[in-house]
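*Asks:* Sharing a model prediction with you, sequence too.
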Number of protein chains: 2
Amino acid sequence: MDIFMKAAIDEAKSGLCEGGIPIGSVLVKDGKIIGRGHNKRVQENNPIMHAEINCLYNAGRIGRYRETVLYSTLMPCYLCAGAVVQFGIKKVIVGESKTFAGAKAFMESHRVKIVDLNLDECKQLMKDFIQKNPELWNEDIGEL
Amino acid sequence: MDIFMKAAIDEAKSGLCEGGIPIGSVLVKDGKIIGRGHNKRVQENNPIMHAEINCLYNAGRIGRYRETVLYSTLMPCYLCAGAVVQFGIKKVIVGESKTFAGAKAFMESHRVKIVDLNLDECKQLMKDFIQKNPELWNEDIGEL
């Protein structure tokens, strides 16, 4: 598997170990990871720290994003897709979009290239988590 | 002036005093401010702490957003508009959209009601700031 998606999955698993929602993300530039993060809604009691937002937060003020690729274990929601479009990230690689269809069409309409790896490991992580924590998941996608 | 927009402008001014970008925001529910924030790109060296994101961060995990109104001194960009859409906020009141047209159409396409107060005070804050700090502003809107 792509080493960068592997790193995003490792982030998702770190989140799970902390009692959080298992979604992970890394930001890649010139073949190197320049930021990594995972969903911290539970850990930081914080509604905006989705995995991709946490990753961009951790990457810091890098200036231009045009040459970066954002990896996420799950298709980004509108919040995270909004960051992708506003920051000018041109490519997003996701682990899956079966659990959550997300804002794929919105990103594509802004000329962001989306690659969906449709990985069983990512789907299984979310399936197990949502089965045990349906309310947390509904809170995370704003469906309360 | 609307007391809530006044509070958002006070947030913007606090940001300016701290050496930051003067954009402020408050979240209102049942006639009360339940969160307030301002852009902290400079202060926290942080690319995702736009005013509205900082406001939602400070409001904490409130669960449902359907009955909330988000105030911002400036029309939200795609990042902040993405949060509005994903969280299910139904009304956004902005101080102005002359400095930055933002993601108004995107929010409206998701049935978010937008009210633009077109306030001179908000426009002047941004005009003065951008004149002195054009690079910071371009960084904030992802146009480097």
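*Replies:* Right, received. Where do you want to start?
*Asks:* Flag the shaky bits of chain A, pLDDT-wise.
*Replies:* Along chain A, segments meeting pLDDT under 70 span A:1.
*Asks:* so where do the strands sit in it?
*Replies:* A:24-29, A:32-38, A:68-72, A:91-94, A:113-116 (DSSP state E).
*Asks:* Among these, which comes closest to chain B?
*Replies:* Closest approach to chain B among the strands of chain A is made by strand A:32-38 (10.1 Å; C-beta to the nearest C-beta). Using the backbone N, CA and C atoms, a C-beta is placed for each residue, glycine as well.
*Asks:* which other residues reach the closest one?
*Replies:* A:4, A:7-8, A:11-12, A:14-15, A:20, A:22-28, A:49, A:51-60, A:62, A:68 (C-beta atoms under 8 Å, 6 or more residues apart in numbering or on different chains).
*Asks:* That strand to strand A:68-72, inter-axis angle?
*Replies:* 30 degrees (axes from the mean of the first three to the mean of the last three C-alpha atoms, to 10 degrees).
*Asks:* Run the angle between strand A:32-38 and strand A:24-29 for me.
*Replies:* Strand A:32-38 runs at 160 degrees relative to strand A:24-29, counting by the same axes, to 10 degrees.
*Asks:* Pull out the buried residues from strand A:32-38.
*Replies:* A:33, A:35-38 (16 or more other C-beta atoms under 10 Å in any protein chain shown).
*Asks:* Centre of the chain to it, how far?
*Replies:* With C-alpha atoms, centre = their mean, to the nearest Å as the basis, strand A:32-38 stands 11 Å off its chain's centre.
*Asks:* Just checking: what are the partner strands of it?
*Replies:* When pairs are called by DSSP bridges, strand A:32-38 turns out to pair with strand A:24-29 (antiparallel).
*Asks:* Just give the number of residues close to the residue in chain A positioned nearest to chain B.
*Replies:* Nearest residue of chain A to chain B: A:Gly82, at 2.2 Å (C-beta to the nearest C-beta). Applying other C-beta atoms under 10 Å in any protein chain shown, we find 30 residues neighbouring A:Gly82.
*Asks:* Now do the same contact list for it.
*Replies:* So A:Gly82 contacts A:103, B:77-83, B:85, B:103 (C-beta under 8 Å, 6+ apart).
*Asks:* which among those residues gets closest to B:Glu143?
*Replies:* B:Cys77 (10.8 Å; C-beta to C-beta).
*Asks:* Now go through the contacts of strand A:32-38 and say which are in helices.
*Replies:* A:4, A:7-8, A:11-12, A:14-15, A:51-59 (DSSP state H).
*Asks:* most surrounded residue in those residues?
*Replies:* Result: A:Glu52 is most packed of the ones in helices among the contacts of strand A:32-38 (other C-beta under 10 Å), 34 neighbours.
*Asks:* how far away is it from B:Lys90?
*Replies:* Using C-beta to C-beta, to the nearest Å, we find A:Glu52 at a distance of 24 Å from B:Lys90.
*Asks:* If A:Val92 is in a bridge, with which residues?
*Replies:* Going by DSSP bridges, A:Val92 forms beta bridges with A:Leu70, A:Ile114.
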